[in-house]
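[1] Generate a structure from the sequence data that follows.
(one chain, ligands or ions: 1)
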Amino acid sequence: MNFLKQAITLISIVLFFISSHSQNGHDLWLQNKNPKTVHVVTAKQSPTIDIVKNELLKGWQGTEGSTLTLTIKKDRSLHRDGFKITPTTIQANTDLGILYGVYELLRRQQTGIYINENINNPSYDRRVLNHWDNPNGSIERGYAGKSLFWRYGKDSLAVTESDRKLWQEYARINASVGINGSVLNNVNASPMMLTAGYLERVKAIAEVLRPYGVKTYISIKFSSPSLIGGLSTSDPLDADVIKWWNNKIKEIYKLIPDFGGFLVKASSEGQPGPQDYGRTHADGANMLADALKPYNGIVMWRAFVYSANDEDRAKQAYNEFVPLDGQFRDNVIIQVKNGPIDFQPREPFSPLFGALKKTAIMPELQITQEYLGHSIHLAYLAPMWKEFLDSDTYQEGKGSTVAKSTDGSLFNQKISAISGVANTGLDTNWTGHTFAQSNWYTFGRLAWNHELSSEQIADEWVKLTFSPFDLANSQTKPDFSKNDWSNNFLQPVKQMMLDSHEAVVDYMMPFGLHHIFSANAHYGPGPWYGPERVRKDWTSLYYHKADSLGIGFDRTTTGSNAIIQYEEPLRSQLSNLETCPENLLLWFHHVPWDYKMKNGKTLWDNLAYRYDAGVKKVREFQKIWDMAKPYVDSERFYEVQSKLRNQNRNAQVWKDACLLYFQEFSNMPIPYDLERPMHDLEDLKISTMKRPLDYK
Ligand code: GCV
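    A predicted model of the protein is given here:
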């Protein structure tokens, strides 16, 4: 009996230890710490200020018993929801500014960053997540479970307490990194979204998101007037159509007085749009903008347009939108993907940035890893987004970076905004892969401050997500450099993150190769993909153009001349094989297999070494992670370990598929110091094609 009791006690202790040590990832970077006492002084009362107080009580890591004074007053040095902080004060123009200041203060306390009084203004006014969520709860390009907002079935529109709880957690997470908008449904929009039941649910979501400063927006289908309004047309210049939208928008604002506006994918990839009625993008966008204007609503009009004609897909958006520059209303903003094709592992910036001078333009980034290994591959995206934001467009002289041409500092625009296609879903850890959380975090941090470095963001995220410490005092900088955790976990894991995007590029599409996936899943390799029946620009052959002479898409004057869309001196730099950055070489040039690159080796050899280096990097990541084991809870450790194994196998498949396939054209040997392929090309062609063939 005694023995049994002892055994039970032992089991309970072990279970307690395991459960207290396990971490399902749901808390992301907002881990609970042992808070110290703080006295909050403020005259203001509001739902947002209630959240502020609660966050401070739950998370204060500053001096025990401190007094923190919150002041809301007009200060011209602060823009919109910007703030000033010291260890004992937060000042802002708005309640939301105070909330953002609190999150910043708590973040600094936890990451050991010194707090001196500084002005902290957002880079972009609107920092918006785009959810590609469908009314039935599925998510286009979602890899973390079903939608947080929509579900399938009989009671799909009923709002439950658990819905509200989840939306509140979601709102808090976003506010903690400054995200202030959510588009709740897919850009491939269902017209249902504008019907009464769905709008009621949008209202319920908006009520939960509001005190956290997260505005709601929806994507609309341009042909809604005909599809659900009973009209015979959706022509944007038709009087009945205009009236229909006016009434619909009035109905929306009655439900949601601070509704943000519409996101629109029109005349794009088969979606209806103004061009169906012989009208322009400006006609379509302006009609909606006029109807939204009285309520301060905006239109985010996407420029993701391309047709199956003979023109290089990379040129089409510029060709359509530049002639319309200056024709859009001031509450329209053109939403442009970072690159001219489609969120590829590496792209040059879209030439529309800087080229639209009289029209507001906003970057669209993709947080969900559609083309970067879904939620299986570890890819920290800050370096990719920084490369994009820091790219010089030269449109207004040297230093006209993408960031400056979109944040309002170069061009006089009423709205500034940035969006990211969300990677969230109902998975317990929200994003499928623990490290994919860092990309959600990064999007918010860069949207708030595009000058932050990838290193700094990674540093913050690792400390907040994995740190075992409660840091004592915000006024003295805790020394993270001299403990085991920092040396054995923080530093190597951070380095792994910083190297991870380039590793994916190396084993998938080095030197500017792009869009060589097998089929529409956009996951595995398919450089051979090019059936007759499929539209040319949805095949891999269109993009890599490998032949016996070489490989790559000639976008210079001897080819599609897409380089004409870039400003000098960049244009000349890109056109010349010798000066084109090597990481974009095959994006802009068709290059002979035996072309000697800067390191003196041929293009073919370089391709082989790059593919191999990508695989090797993943194997290094596995070692780093295994060595990190003592410092991570078991749940997250094993999840990441298993995903890295999968990534390693996938990287090998990418390397073998691409080298064996391209070798059929180059007829050159894989350098003999490299490990030989492990797969047969014919087997790979069959296995990677098992996925649906509706390729884009
Ligand atoms: C939402 C790519 C993706 C589509 C996506 C489209 C877009 O084509 O594969 O899933 O559709 O981009 O951004 O509109």
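[2] Determine the longest helix present in this protein.
    Taking DSSP state H as the criterion, the chain has its longest helix at helix 634-666.
[3] the strands in the stretch 101-250 of the chain, which residues?
    118-120, 126-130, 181-183, 215-220 (DSSP state E, counting those that start in this stretch).
[4] Which elements pack onto the last one?
    Where contact means 3 or more C-beta pairs under 8 Å, 6 or more residues apart in numbering; DSSP states H and E, strand 215-220 is packed against strand 126-130, strand 181-183, helix 196-209, strand 261-264. In this view, the C-beta of every residue, glycine as well, is placed from N, C-alpha and C.
[5] Likewise for the second one?
    Strand 126-130 is packed against strand 181-183, strand 215-220, strand 417-421, helix 437-448, with contacts defined by 3+ C-beta pairs under 8 Å, 6+ apart.
[6] I'd like the mean pLDDT over the last one, please.
    Read that as helix 437-448. In this model, helix 437-448 carries a mean pLDDT of 98.
[7] Can you name the element that comes right after it?
    Per DSSP states H and E, helix 437-448 leads on to helix 454-466 as the next helix or strand towards the C-terminus.
[8] Next secondary structure after that next one?
    Following helix 454-466 in sequence, per DSSP H and E, is helix 484-485.
[9] can you give me how far that following helix is from the chain middle?
    31 Å (C-alpha atoms, centre = their mean, to the nearest Å).
[10] so what secondary structure elements neighbour the strand or helix carrying Phe388?
    Secondary structure assignment for Phe388, by DSSP H and E: helix 382-389. Contacts defined by 3+ C-beta pairs under 8 Å, 6+ apart place helix 382-389 against strand 360-366, helix 402-406, helix 437-448, helix 454-466, helix 491-508.
[11] So Lys221 is in contact with Ser190, correct?
    Yes - applying C-beta atoms under 8 Å, one finds Lys221 in contact with Ser190, separated by 6.7 Å.
[12] Which one of those two is surrounded by more residues?
    Lys221 (24 against 20; other C-beta atoms under 10 Å).
[13] how far does stretch 115-128 stretch from start to finish?
    Start-to-end span of stretch 115-128 (C-alpha to C-alpha, to the nearest Å) is 28 Å.
[14] buried stuff in it?
    115, 120, 122-128 (16 or more other C-beta atoms under 10 Å).
[15] Show me which residues of the stretch 151-300 of the chain sit near the ligand.
    187-188, 265, 269 (C-beta under 6 Å from any ligand atom).
[16] any chance of those in CSV, with neighbour count and distance to Tyr103 too?
    Shown next, in CSV, are those (neighbours: other C-beta atoms under 10 Å; distance: C-beta to C-beta, whole Å):
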residue, neighbour count, distance to Tyr103
Val187, 25, 29
Asn188, 15, 33
Lys265, 25, 32
Glu269, 12, 37
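[17] show me what contacts the spatially most central residue of the chain?
    Closest to where the C-alpha atoms of the chain average out (C-alpha atoms, centre = their mean) is Ile367, at 2.3 Å. Contact partners of Ile367, counting by C-beta atoms under 8 Å, 6 or more residues apart in numbering, are 129, 381, 420-423, 439-440, 443.
[18] Closest one to the ligand out of those, please.
    Val421 (7.4 Å; C-beta to the nearest ligand atom).
[19] Is that closest one in contact with Gln369, as I believe?
    No - counting by C-beta under 8 Å, Val421 does not reach Gln369; the two are 10.1 Å apart.
[20] Which of these two has more residues huddled nearby?
    Gln369 (27 against 23).
[21] and the helix or strand hosting Val40, which strands flank it?
    Assigned by DSSP H and E, Val40 falls within strand 38-41. Paired neighbours of strand 38-41 in the sheet (DSSP bridges): strand 66-72 (parallel).
[22] in the strand it pairs with, what's buried?
    Buried residues in strand 66-72 (16+ other C-beta under 10 Å): 66, 68, 70, 72.
[23] Could you do stretch 667-675 as well?
    Those would be 668, 670, 674, for stretch 667-675 by 16+ other C-beta under 10 Å.
[24] how long is it from one end to the other?
    So stretch 667-675: terminal residues 18 Å apart, C-alpha to C-alpha.
[25] next one: stretch 575-595
    First residue to last in stretch 575-595 (C-alpha to C-alpha) measures 16 Å.
[26] Relative to the whole chain's centre, how far out is that stretch?
    That offset, for stretch 575-595, works out to 28 Å (C-alpha atoms, centre = their mean).
[27] For it, buried residues please.
    Here stretch 575-595 shows 575, 580, 583-593, 595 as buried, counting by 16+ other C-beta under 10 Å.
[28] cool, stretch 615-628 as well?
    Buried, per 16+ other C-beta under 10 Å, within stretch 615-628: 615-618, 621-622, 624-625, 628.
[29] same check, this time on stretch 290-300
    290-293, 295, 297-300.
[30] Among these, which one lies nearest to the ligand?
    Met300 (12.7 Å).
[31] beta partners of that closest one?
    Applying DSSP bridges, one finds that Met300 bridges with Leu263, Ile333.
[32] Next, the contact list for it, please.
    128, 183, 217, 261-264, 333, 335, 362, 417, 419.
[33] Which pLDDT value belongs to the residue of the stretch 451-600 of the chain found nearest the ligand?
    Relative to the ligand, the nearest point of the stretch 451-600 of the chain is His522 (6.4 Å; C-beta to the nearest ligand atom). You'll see His522 listed with a pLDDT of 94.
[34] With Ile113 instead?
    Reported pLDDT for Ile113: 82.
[35] State the number of residues packed around it.
    For Ile113, using other C-beta under 10 Å, the count is 16.
[36] and the residue nearest to Ile334 when sequence neighbours are not counted, what does it touch?
    Nearest residue to Ile334, sequence neighbours excluded (C-beta to C-beta, 6 or more residues apart in numbering): Ile361, at 4.7 Å. Contact partners of Ile361, counting by C-beta under 8 Å, 6+ apart, are 333-336, 352-353, 405-406, 413.
[37] Go through those residues and say which is closest to Thr558.
    The nearest member of these to Thr558, counting by C-beta to C-beta, is Leu352 at 23.9 Å.
[38] Checking my notes, the closest one in a helix, right?
    No - Leu352 sits outside any helix when classified using DSSP: H, G, I helix; E, B strand; the rest coil, being coil.
[39] surely it meets Ala317?
    Yes - if you go by C-beta under 8 Å, Leu352 and Ala317 touch, sitting 6.0 Å apart.
[40] Name the residues contacting each of these two.
    By C-beta under 8 Å, 6+ apart, the residues touching both Leu352 and Ala317 are 303, 336.
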